[in-house]
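J.: no sequence for this one, just the structure:
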């Protein structure tokens, strides 16, 4: 089970025109927005990635505006540089784990379970989640918050990751698992997000 104390979110490369071209982008982007807001309301750390933004473009505005807010601090007593909390980590490798800045942020976070969302499922999401798993982290792919240009590639990525021991979850499933109790303060905010 996911716990607030040990869980963080990695948002992978939801950028530029590509974010609008992936399969079912009209569902993906709002789902990622709800996921990010839910994770923020729970006070969980978020790492935000951009692949070669000068060529691909920046994170889509719907997500960039909420990711850049102060409520996205990587701390609840986590010793992470605040720059990572309000700005993306730029990378050029498809696997974020090959990037020194990302690795430093992961290590400093003191988190052992990572939810992963983003694009493209069969490239950057796949390689990053696979590497995190091989490094010993618990990784859960938020299945309704990932996509690729084709559904077949998304399904291929999910199959390969599950075969490697990455767990699947969904937007509602992970948020309610993290809230745990309808009496918790965050419950109402999360309920309003998913209505």
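T.: Alright, I've got the coordinates. A quick note: this is a predicted structure, and the numbers were derived from the prediction, not measured.
J.: other SSEs contacting the longest helix along the chain?
T.: Counting by DSSP state H, the longest helix found in the chain is helix 25-41. If contacts are counted by 3 or more C-beta pairs under 8 Å, 6 or more residues apart in numbering; DSSP states H and E, helix 25-41 sits against strand 7-12, helix 16-21, strand 46-51, helix 61-67, strand 113-119, strand 138-147, helix 171-179, helix 186-194. All C-beta spots, glycine's among them, are computed from the backbone N, C-alpha and C.
J.: quick one: contacts for residue 123?
T.: Residues near residue 123 by C-beta atoms under 8 Å, 6 or more residues apart in numbering: 94, 148.
J.: same thing but 10 Å
T.: 12, 13, 51, 94, 95, 148, 149, 153, 157 (C-beta atoms under 10 Å, 6 or more residues apart in numbering).
J.: ok, residue 32 touching residue 119?
T.: Yes. The criterion here is C-beta atoms under 10 Å, and residue 32 meets it with residue 119 at 9.4 Å.
J.: in this structure, what secondary structure element scores lowest on mean pLDDT?
T.: Lowest by mean pLDDT, DSSP states H and E among the helices and strands of the chain is helix 83-86, with a mean of 48.
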